[in-house]
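> all I have is the shape, not the residue letters:
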């Protein structure tokens, strides 16, 4: 029986197994869909679909530099144990290489990329079946520089937080890494005040004004107080306005200036940020599994 693309697609949707594994299963079973499902189950390759609705909020961040290009990405799994799994780490490194080479515009486009005829989506599905947990490519960003610039790359706690900095006009990689470490610790939102939108500044000014008035401050000094508090706001959200973690007597702006360069951009990923995590009782879960066996 001819194995059509539609049949392969249908089997993949039913099992969650990789495209090439589905095709092989259909060839082995002469196109019999039910027999192919059994074939995949016997080989342990149909488990991916069962994990599709699980929450993957653990995992790792990873950074790969190649010359004047670098990529930072986050790949999620269900537990921290899997993040330390060698097979998972090999997968993450392979994804980084493929994404940096192709530079897709989105995660959706990234999943369609192929290596040796196998799409990234299928590579991940195969890893899910092998490792036993839901795995997702969540996000990535590619940065470029010139020979006159430096990348600052830093992974905190083995990848729980990843930061990639572009230091323009300086080749001091150690200084760029120091800035990346600061960003990992303090978590600024912007590089400088110029990046904060006028709307956000005005919104913050309005909130601070109401706060001052509610505190009973005289109206004639409220405006001056608000401008002072706005300065504190910029220190909280803007990298260059912050006190440098490695030298409390110095602003990040001054440290960067001392390198002869300028921070033009940064990316900071914290594993699982923004993902709603389940509050599972791990001991209870293990006991339930033991009782089930």
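Nice, I can see it. The structure displayed is predicted, hence computed values, not measured ones.

> neighbouring contacts of the helix or strand containing residue 266?
Following DSSP states H and E, the helix or strand that holds residue 266 is strand 262-270. Residues lying outside strand 262-270 but in contact with it, judged by C-beta atoms under 8 Å, 6 or more residues apart in numbering, are 61, 72-74, 139, 141, 143, 152, 160-170, 179-180, 183-184, 187, 191, 239-240, 252, 256. (Glycine included, C-beta is placed from N, CA and C.)

> could you do stretch 79-97 as well?
Residues external to stretch 79-97 that are found in contact with it (C-beta under 8 Å, 6+ apart): 58-60, 62-64, 71, 73, 75, 77, 115, 120, 123-124, 127, 130-133, 135, 137, 158-159, 271.

> buried subset of the residues you listed, written for ChimeraX?
With 16 or more other C-beta atoms under 10 Å as the criterion, this ChimeraX line picks the buried residues out of the contacts of stretch 79-97:
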select :58,59,60,62,63,64,71,73,75,77,120,123,124,127,130,131,132,133,135,137,159,271
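
> helices of the stretch 1-150 of the chain, start to end?
Counting by DSSP state H, counting those that start in this stretch, the stretch 1-150 of the chain has these helices, from start to end: 5-15, 19-28, 33-42, 80-83, 86-102, 107-111, 120-131.

> returning to what we had before: so what strands line up beside the strand holding residue 266?
Pairing partners of strand 262-270, with direction, according to DSSP bridges: strand 161-168 (antiparallel).

> after the strand it pairs with comes which helix or strand?
Counting by DSSP H and E, the element after strand 161-168 in chain order, helix or strand, is helix 173-186.

> contact partners for residue 178?
Applying C-beta under 8 Å, 6+ apart, we find residue 178 in contact with 152, 246, 255.

> hang on, isn't residue 117 packed against residue 20?
Yes - in this structure residue 117 lies within contact range of residue 20 using C-beta atoms under 8 Å: 7.3 Å.

> show me the protein divided up by domain.
As assigned by automatic domain parsing, the chain contains the domains 5-46, 55-144.

> just the angle between the helix or strand encompassing residue 227 and helix 173-186, please?
Residue 227 is part of helix 219-237 when elements are defined by DSSP H and E. Angle between the axes of helix 219-237 and helix 173-186 is 120 degrees (criterion: axes from the mean of the first three to the mean of the last three C-alpha atoms, to 10 degrees).

> any chance of the helices of the stretch 1-150 of the chain in a markdown table, plus mean pLDDT?
A markdown table is the format used below for these (pLDDT from 0 to 100):
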| stretch | mean pLDDT |
| --- | --- |
| helix 5-15 | 83 |
| helix 19-28 | 89 |
| helix 33-42 | 82 |
| helix 80-83 | 90 |
| helix 86-102 | 97 |
| helix 107-111 | 97 |
| helix 120-131 | 92 |
